[in-house]
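K.L.:
From the sequence below, what's the structure:
(chains A and B)
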Amino acid sequence: MAEIRKAESLYDWFDQRLAIGKLNKVLATEYWVPKNINFLWAMGVILMTTFGMLFISGLFLLMYYKPDTHMAFDSVNYTIMQEVAYGWLWRHMHAVAASVVFLVIYIHMFVAIYYGSYKRGREMIWISGMLLFMLFSAAGFSGYMLPWGQMSYWAAQVITNIFGAIPFIGPDLVVWIRGNYFVSDPTLTRFFMLHVLLLPLVIMATIGLHFYSLRIPHVNNQEGEEIDFDEEAKKYKEGKKKESKVIPFWPVFMSKDLFVVGVFLIFYFYLVGFHYEFAMDPINFVPANYMKTPTHIYPEWYFLWSYEILRGFFFPIAGLKPFTLGLIGFAIANGVFLILPWLDRSPVVAPAHKRGAFKIWFWLMLIDMIGLTIFGKVPPNHVYFVGGNDITPWFGFTFTIGFFILLFIALPLITRSERKRAGGAK
Amino acid sequence: MREFKILLVLVFFTLLIYWGVEPYAHSKMHHKPKPADFKFSDLQAINYKGDPAKGKTTFMNAGCVGCHGVKSAGLPAPMTKEAAAASFGVAPPDLSDAGLIYDTKFLKNFILNPSHAFLNAKKFNANKPFPMPQFFGVGEDKNKEVSDIVAFLKSVAPKELNDKETFEAACGRCHTVKYDKWTPLGDTPKFKTKTEKLAFDLKVSKYQDHLKKYMGAMPPDLSMMIRSKGREELEIFIDNPQKLLKGTSMPRVGLTKESTEKVINYLESVGDRKKAERETLIPKIIGFLIIFTLFAYLWKSKLWREVH
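P.N.:
This next block holds a predicted model:
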């Protein structure tokens, strides 16, 4: 056992028992981050801030929310939005943060792709990040059901129905997920459990894993330069701060992040107060009615790209029905990013603008996913005509095929030739 | 400079996605309806001035009082709301406020041919006639006579109604607003006993059964309508429900622009009653954040000067 002296201060008392001084060094003041970064490196802290706001606003909402199909709608729209002091604020904050968090996740993801931060030892950072994306998606979907409005109900009906197409077990699986033959009270209460207990727990654990996975390979930098962190940290501690290529997480890195977080929060609160319709669909202010299907059912914007892949196929290929093809595509699309580090065959870690063909691939990928997102919301038929022919489904089909070609054919080919060139140069 | 360029790229793609999934996609889902027509251009112009005194006589002689009350003129409703609903499907309105809240041209046309002005004629036929008969006149020029009746209704109407009173007169016989405790039989009273509550609920329930049969579907509760439709859409919808919901049995009731605004104000005061609080609090939060961000920037500049 360590030798315990009479404490000189409260800090000392804790330090002797919990080594808080050392902990602080390891986690903050001597946790080294590259200096050569831009504000895109603040997305992680923005995500933590947003998750924090989701968590806290969620706690307050939980005090008044009633997970019962007869009470859910009114507990949200009357009790919380009108009766409870500042209930509306927590609800607006929660709903808008749930939407904006995906914007930041997508930025975070595309930054990692742009700078090649998913390979050469950083695979676990990428994979744990993708797991977080999936968990957030599950949390978003389960939470969307809770206000029990028309869109809550019908989105749940459509999405749970997808599982019915799985061979053999499909129909039973749907009933098992719903807890009934159709979306109803047991569905609501189990999604409530997932949303307020299981998913937040797993998300927090996975955030821990995500942070931990950064420890060994370290944070990437703007040029993809390999840095000897021990060497550079030594320089910094010796006072050669300008010369060193690293900065401590606290206070230098965080001072910049707090500024970026401030800018983000201004934008966020503007949305909370004055521009929230994109995150709080007007149709969801109509109580759920299983007798009345809305004219258009669509998921929230962050699910649209994969939803468009689901409905992108509209004619049979190789004897497979369009719906089956869509389902396979949907399943692959939701998992494919996990294996991105292996679809990229090149060891080069550098920003896309220094990687030739990869740069073009990156922007095409971004445009393809935005295309999928937009056409995922446009009705699938009878929108665009050429010479009397309905060409609407071809948009979704083209972007869907484009998505798979880019990931499974273009990326491996481009990066393989890059590997050969890099190998030759060495 | 590089950071600024990155920011521009970020803003561009964010706005592109927003534009695509909100205004653009929605424009492909719903065709933008024409704005509200408070002139009721499809109805015929009847340009008689009308004499209130004559109008009152015509009103009595034409049998209007057989169904309608006009409390402001000392004419009580001939039946209770419940009994009237059992006979007609919905209680005929008391006409005290009609001269104020409804458009004059609309009223004249309505009296002449109710379901034509309502725009829900398809719901009615010889077997299921509209409960209010057409007005064929009581001996003179019927256009002149309806002008007199309307002049009479205007003469007994109050100078002004508040938002809720306008709503009650125009919409309250069919719709509930449970977040404001409104029922088609009036505000839900305070009950002393459970029996009183059950008796009231039963009365409302019976009324709604007749209503549902008459309309073909239960008219929806309007508590959150302001958030699901918004002011603009509500204005167009109230002015002419068929424009946004073709085939609906909800009638065009002929409210003036002022009265329509009052109805919408009322719905906003019920469904979005924290709007004012929201619009004063959020700018304060943003103000705080601007100060926070400025200090954060100064601190960042100080620390990064040491490392650059």
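K.L.:
Can you report how many residues lie near residue A:417?
P.N.:
As a burial measure, residue A:417 scores 14 neighbours (other Cβ atoms under 10 Å in any protein chain shown). To be clear about C-beta, it is placed using only N, CA and C from the backbone, and glycine gets the same treatment.
K.L.:
List the residues that contact it.
P.N.:
residue A:357 (Cβ atoms under 8 Å, 6 or more residues apart in numbering or on different chains).
K.L.:
Per-residue pLDDT of it, please?
P.N.:
Per-residue confidence (pLDDT) for residue A:417: 95.
K.L.:
Look up how far residue A:15 lies from it.
P.N.:
According to Cβ to Cβ, to the nearest Å, residue A:417 and residue A:15 sit 55 Å apart.
K.L.:
for residue A:171, same thing?
P.N.:
61 Å.
K.L.:
Comparing those two, which shows the higher neighbour count?
P.N.:
A direct count of neighbours by other Cβ under 10 Å for residue A:171 and residue A:15 places residue A:15 higher, at 17 against 13.
K.L.:
Do I have it right that that one meets residue A:21?
P.N.:
Yes - the criterion here is Cβ atoms under 8 Å, and residue A:15 meets it with residue A:21 at 4.9 Å.
K.L.:
Check which residues of stretch B:272-280 are buried.
P.N.:
Applying a neighbour-count criterion of 16 or more other Cβ atoms under 10 Å in any protein chain shown, one finds B:272, B:273, B:274, B:278 buried in stretch B:272-280.
K.L.:
And the average pLDDT for that stretch is what?
P.N.:
Stretch B:272-280 comes out with an average pLDDT of 97.
K.L.:
quick check, that stretch touching chain A?
P.N.:
Yes - contact of stretch B:272-280 with chain A (Cβ under 8 Å from any Cβ of the partner chain) involves B:273, B:274, B:277, B:278, B:279.
K.L.:
Tell me which of these fall in helices.
P.N.:
Those of the residues of stretch B:272-280 next to chain A mapping onto helices are B:277, B:278, B:279, per DSSP state H.
K.L.:
tell me which of those is nearest to residue A:409?
P.N.:
Nearest to residue A:409 out of these is residue B:278 (Cβ to Cβ; 50.1 Å).
K.L.:
so what's the closest one up against?
P.N.:
A:88, A:89, A:92, A:273.
K.L.:
Same check on residue A:383?
P.N.:
By Cβ under 8 Å, 6+ apart, the neighbours of residue A:383 are A:390, A:392, B:28.
K.L.:
name the element it belongs to?
P.N.:
Assigned by DSSP states H and E, residue A:383 belongs to no helix or strand.
K.L.:
Angles on the backbone of it, please.
P.N.:
phi -110, psi -50 (degrees, to the nearest 10).
K.L.:
Could you measure from it over to residue B:246?
P.N.:
The gap separating residue A:383 from residue B:246 is 20 Å, by Cβ to Cβ.
K.L.:
my guess is residue A:100 contacts residue A:53, does it?
P.N.:
No - using Cβ under 8 Å, residue A:100 is not in contact with residue A:53, being 9.7 Å away.
K.L.:
what about the closest residue to residue B:214 other than its chain neighbours, neighbour count?
P.N.:
Nearest residue to residue B:214 in three dimensions, chain neighbours excluded: residue B:89, at 2.5 Å (Cβ to Cβ, 6 or more residues apart in numbering or on different chains). Neighbourhood size, residue B:89 [other Cβ under 10 Å]: 17.
K.L.:
Over to residue A:418?
P.N.:
Residue A:418: 20 neighbours (other Cβ under 10 Å).
K.L.:
Let me see the contact set for it.
P.N.:
Neighbour list for residue A:418: A:345, A:346, A:348, A:355, A:356, A:357, A:358 [criterion: Cβ under 8 Å, 6+ apart].
K.L.:
Where does it fall, secondary structure wise?
P.N.:
Counting by DSSP H and E, residue A:418 is found in helix A:411-425.
K.L.:
Buried residues in that helix, which are they?
P.N.:
Quick answer for helix A:411-425 (16+ other Cβ under 10 Å): A:411, A:414, A:415, A:418.
K.L.:
On the three-state scheme, the residue nearest the centre of chain A is what?
P.N.:
In chain A, the C-alpha nearest the mean C-alpha coordinate belongs to residue A:133, at 3.5 Å (Cα atoms, centre = their mean). Following DSSP: H, G, I helix; E, B strand; the rest coil, we place residue A:133 in the helix state.
K.L.:
Would you enumerate the residues in contact with it?
P.N.:
A:105, A:109, A:337.
K.L.:
if I look at residue B:76, how far off is chain A?
P.N.:
36 Å (Cβ to the nearest Cβ, to the nearest Å).
K.L.:
Share the number of residues neighbouring the nearest residue to that residue once chain neighbours are set aside, please.
P.N.:
Among residues not flanking residue B:76 along the chain, residue B:69 sits closest, at 5.1 Å (Cβ to Cβ, 6+ apart). For residue B:69, the neighbour count with other Cβ under 10 Å is 21.
K.L.:
so residue B:69 touches residue B:81, yeah?
P.N.:
No - contact criterion Cβ under 8 Å: residue B:69 and residue B:81 do not qualify, at 10.4 Å.
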